[in-house]
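*Asks:* the following comprises the amino acid sequence and a computationally predicted model.
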Amino acid sequence: MRTKGTRRQAEAGVVLLIAIFVLMLISVVAIALIVSSGTETALASNYRSSATVYYAAMAGLEEARSRLQTKNPDYFNKTQANFLPPSGTPLTLTEVRYITNPSPTDADIDPSNAGDPYFDTEYGRETGTPITSGTLDVKRIPSVSANNAANIPGPVFKWVRINAVTESWLNLDVDGDGTKESATALYYNPAQTTPSLILSATPPPTAVQALEVTSLAVLPDGSQKMLQYVVAATPINIPTVAALTLSGPQTSHATFMPPANNTNYAVTGMDYDCNGSALGVAKVPAIGIFPNPAPSDISTYIKSNIPLATQPSYKGSGGGPPDVDDITATFPANLQLPSKLDALAQSIIQNADAILTPSAPGTAYSPELHTVAVAAGMSPTSPITLVVNGNLDITDWGTGDHEYGPAYGLLLVTGTFTYDPDTNWNGMILVIGKGIVNNTARFANEAIHGAMLVAQTRDASGNLLSDSDGLGGASISFHPTMGGTGILYSSCWVQRATPVARYQLLSFREIPQS
Amino acid sequence: MKNRRKEQGFSLLELLTAAAIFLILCGGAFGLLNVMQKNYQTQSQVLNSFQEARLGLDQIVRDVNISGYPPPGQFSNTTVNANNYALAPVAWWPGYASSPPNPCTIGGTCGTPGNFDLIIETNVDSEQDRANNIEDVEWVRYQLQGTTLFRGVTLKAAGANPDAATQASLVPFVQNVMNNASVAQIAQFQAIYPSMFPGNAPVAIFRYLCDDPATQTIVNCSLVSTPTLIREVEVTLIAQAPQLNASTGQPVLVTLNGRGHRLN
C-alpha cells in the first residue's frame, strides 16, 4: 500500500514545472510590451524636446530684449560697464555681443571660439565674416537666468547674440534698389507714414537702430533650435524743439526773467556735442513758445526781459538775436493740449528709472535726488530718467555742503523747480505740471547742456487744466544776480537722455538647423 | 521493495492530470494574451495616429508662429517686389489679388481662411535657399479634403490667386482627420465620446483670434473678421485610429489642441 506521504513526494516536481512555464509566458509578454512602449516613449519625448527647446530659445530672446532697456535692473551696462555703447550711440557693424548661459555640466561657453561645442556658425553664414575674425569686437556677459532663487535651473538656451544688421545680413533688400548692402547699418524709422527699416548713411533723428537678436538653445539630447528677432527701441519722443520751450500764453502769458545782472547767462540753440564742444550749427530756436503766442507777447514778456548786453548770445535757428520764436507749427500738435502733454509726463513717469515723491509739504532736496540717482546707476554712459513727483529744490547740488558733480539724464519735475546754477545737468529738464521755475542760490557758473521744457498743465492745487482753456503760461523767474551760463542746446545729450519705453519686435523667424 | 517503489515513474493518471491542469492554465494564459494583444494593437494604432496628428499639429503651430515673415515694415520701399515680403500673415481668397487687396470676412465671404482651410504667408527657406541667397516668400496651405489634411508649399506670386496657386502643391499630411465627418459618423462618435462634437456639428480645425485695433486687445475674429488682423490660430485635430477597437468594435478617436501666435 502506498502511504499518503510518498505520493505527495512524487508529485512535487510537476508544480514547479508548471509554475516555471507560466512565469516564462508572462515574462515574454511583459518584455514585448516594454520594448514596444519604449518606442512610443521615444517618439513622445522627441516632441517634448522640440517644444522645450523652442521655448528655451524664446526665453533667451526675451532676456536680451528686456536687458537692452536701461530701466531694467539687469540692464547690460549695469551688469558690465561699457558692454553696450552709451544709449543713443549705435552699435557698429563689428561689435558683437553675447549673453552666455552655460548649464552646470558645460564649461564656459564662448560662441566665438571655433572649438566651442556651441560655436556660432550662423554669424559667419549671415555676414560672410566668421565670428573668429580678429576685426570683430566680441564681448560676453552671463545670463541672469542660470539659476533662479530656489536654485532651480532656468531656461536651457546656450547663447544669445546681439548685433547691428545690414541688408545683406538679413538677406532683405530694404530699399528695393536691387542690391543688398553690407556696409551700412539698418535703422528703423517709426516717424514715417509707414514705419519701416531704412537704409541711410545719415538716418533722421527720429530713427533708431535695428538690432538683431539671435538665440540658440540646445538640449542634452541634441535637439536644437535657433530663433531670431529684429528689434528697435521705442523712444518716448520728447518734443525739445527749442533749447528752452515754454508753454503759453492762451490763458496767461509765459514769463521768462533771466538774471538781469549776469552777462554770462544765455539760452542758445547752437548745437553742442556731448563733450561740451560747440559744433557751430544753429540746430533749434533758442527760446520757443507754443501754442500760438501773439507776437506782442513774445516781444513784451520775453524779449524785453532779456538784458540788452546778453541778447546777442540768444542765438539759434530762428530769428533774432535774441532768438525767441513761435513754435506752434513745429511743436507736435497733438501735445498742445493740457491733457495730452500731461499724458506724456505720465508715460515718462511709468518708464522712469527712479521716482522721488517728496513727503508733505512736498519739496525734495538735492541729497534725496542724489541718493536715488546713484541707486539708479546714473553715469555718463548710462543716463537715467528721474522723476520728482512734487517740488524739487536742487540748491547746493554742486557746491556748499555737496559736491555731487555732473548729472546725466532726464529730470521731470511736476511741481515747482528751484534751480541752482551750480548744477551741471547733461540731458533734459522737463517741468510739466505747475510749470514754475525759480531759484534761491545765486552764485556758480554751470549750465544745462541739452534742453529744457517748461509747461503748465495743472493749476496751483494740482488739478488738470481743461483742454478747452488750453495750457497755462510757463513761469521762469530768476534773481537778477543769479549766476550760471544758461541753457546750451545739445542734440547729443537730448538723444542720450531720451527714455526708451521698450524694445519693440520688428520681426521674428526660426532659422532652420541641420 | 521499498527502494523499487521509490524509483517508480508517474502513473498514467498522474501524467494526464498534470497535462490537463497545464493545458487549462496555458489555455487561460493564451486566451488572456489574445485579448491583450488585440487591445495592444488597438492602443498602438491610437498612439500612431495620435503621434502623426501631434507632429502635424506641431508643424501647423510653428508655421503660424513665424507667419508674416518678413513683414512689410522691413522694407522702406514696398512697391518694388511684393514677392519678397509677406503682405499679411495669412493669405485669403477672394479679394487677395485685387489692387489694393480687398480683405474678405472671416466666417463670411472668405473661402480661405476658413474652418478647414488656412494659407500662411511666410518665408520658410531651406538651408539651401539661404546658402544660395534666395529670398522669397512662400504660401503654406493646410486644407482638409474629406478625412485627409493636405499641406502644400508654393512660391508666393503677388497678385495671383493664392487659392488656385497652392492647389497643385497639396500633398497628404495627416490622415483620418474626422473634424468634418458626416452627420451619421458624428452621431456614432457622439455615442462613444459625448463631448467630442459639441452640438453634433463638425469641429473647426482652425479658429481665429484677431487684433482689435480699437481696443488694442485680442478678440474673436467674428468681431473684426479681417484676415490681415489674425493674431492667433487655435488648432483642433480629431484623429481616428485606422481600425476599430478590436474588443468593442467601436471607432477610436483622439482630440488634439494647439495654438499658434504670430509675432510678426
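*Replies:* Good, I have the coordinates.
*Asks:* every contact and neighbour count from this point should use C-alpha atoms.
*Replies:* Will do.
*Asks:* pLDDT below threshold where in the chain?
*Replies:* By default, I'm working from chain A. For chain A, the stretches flagged by pLDDT under 70 are A:1-13, A:39-40, A:43, A:146-151, A:249-251, A:360-361, A:400, A:514.
*Asks:* let me rephrase: I mean chain B.
*Replies:* Low-confidence segments of chain B, defined by pLDDT under 70: B:1-8, B:78-80, B:126-128, B:130-131, B:133.
*Asks:* and the longest helix anywhere in it, what does it pack against?
*Replies:* Secondary structure of chain B per DSSP state H: the longest helix is helix B:12-65. Secondary-structure packing of helix B:12-65 (3 or more CA pairs under 8 Å, 6 or more residues apart in numbering or on different chains; DSSP states H and E): helix A:4-67, strand B:117-122, strand B:171-174, strand B:230-240, strand B:253-261.
*Asks:* okay, the ones you listed in a markdown table with distance to A:Ile349 and mean neighbour count next?
*Replies:* As requested, the helices and strands packed on helix B:12-65 are exported to a markdown table (distance: least, CA to CA, whole Å; neighbours: other CA atoms under 10 Å in any protein chain shown):
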| stretch | distance to A:Ile349 | mean neighbour count |
| --- | --- | --- |
| helix A:4-67 | 18 | 15 |
| strand B:117-122 | 39 | 27 |
| strand B:171-174 | 53 | 17 |
| strand B:230-240 | 31 | 23 |
| strand B:253-261 | 31 | 17 |
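*Asks:* I'd like the ones you listed as TSV, with distance to A:Tyr419 appended.
*Replies:* As requested, the helices and strands packed on helix B:12-65 are exported to TSV (distance: least, CA to CA, whole Å):
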stretch	distance to A:Tyr419
helix A:4-67	34
strand B:117-122	56
strand B:171-174	72
strand B:230-240	50
strand B:253-261	51
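*Asks:* to B:Ile106, which of these lies closest?
*Replies:* strand B:230-240 (9.7 Å; CA to CA).
*Asks:* which elements pack onto that closest one?
*Replies:* Where contact means 3+ CA pairs under 8 Å, 6+ apart, strand B:230-240 is packed against helix B:12-65, strand B:206-212, strand B:253-261.
*Asks:* next SSE after the second one?
*Replies:* Same thing as strand B:206-212. Next helix or strand after strand B:206-212 toward the C-terminus (DSSP states H and E): strand B:217-220.
*Asks:* cool, the longest one as well?
*Replies:* Scanning forward in sequence from helix B:12-65 by DSSP H and E, the next helix or strand is strand B:90-91.
*Asks:* what does that next one contact?
*Replies:* B:67-68, B:112-113, B:118-121, B:139, B:162, B:227-228, B:230 (CA atoms under 8 Å, 6 or more residues apart in numbering or on different chains).
*Asks:* now the helices and strands packed on strand B:230-240 in TSV, with distance to A:Thr300?
*Replies:* Output for the helices and strands packed on strand B:230-240, formatted as TSV (distance: least, CA to CA, whole Å):
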stretch	distance to A:Thr300
helix B:12-65	62
strand B:206-212	51
strand B:253-261	60
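*Asks:* thinking again about what came up before, now the contacts of strand B:90-91 in CSV, with distance to A:Lys303?
*Replies:* Formatted as CSV, the entries for the contacts of strand B:90-91 read as follows, by distance: CA to CA, whole Å:
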residue, distance to A:Lys303
B:Ser67, 59
B:Gly68, 56
B:Thr112, 67
B:Pro113, 65
B:Leu118, 67
B:Ile119, 65
B:Ile120, 63
B:Glu121, 61
B:Trp139, 65
B:Pro162, 66
B:Pro227, 58
B:Thr228, 55
B:Ile230, 57
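*Asks:* surely B:Leu237 touches B:Gly56?
*Replies:* No - with the criterion set as CA atoms under 8 Å, B:Leu237 and B:Gly56 do not qualify as a contacting pair; they are 9.1 Å apart.
*Asks:* of all the helices and strands packed on helix B:12-65, which lies closest to B:Gly28?
*Replies:* Ranked by CA to CA, the member of these that lies closest to B:Gly28 is helix A:4-67, at 10.3 Å.
*Asks:* how far is that closest one from where the chain is centred?
*Replies:* Relative to the centre of its chain, helix A:4-67 is centred 53 Å away, using CA atoms, centre = their mean, to the nearest Å.
*Asks:* now do the helix or strand that that helix is followed by: everything it contacts.
*Replies:* Beyond helix A:4-67 in the direction of the C-terminus, DSSP H and E gives the next helix or strand as helix A:76-79. The list of residues contacting helix A:76-79 from outside it, by CA under 8 Å, 6+ apart, reads A:67-68, A:70, A:83-84, A:141, A:377, A:382.
*Asks:* please redo it, this time with the cut-off set to 10 Å
*Replies:* Identification of contacts with helix A:76-79 by CA atoms under 10 Å, 6 or more residues apart in numbering or on different chains yields A:64, A:66-73, A:82-87, A:99, A:141-142, A:144, A:376-379, A:381-382.
*Asks:* that helix: which residues count as buried?
*Replies:* Residues of helix A:76-79 classed as buried by neighbour count (16 or more other CA atoms under 10 Å in any protein chain shown): A:76-78.
*Asks:* between the residues you listed, which is closest to chain B?
*Replies:* Each of these was checked against chain B using CA to the nearest CA; the closest is A:Phe76, at 24.6 Å.
*Asks:* need the distance between the two termini of stretch B:125-135.
*Replies:* Between the opening and closing residues of stretch B:125-135 lies a distance of 8 Å (CA to CA, to the nearest Å).
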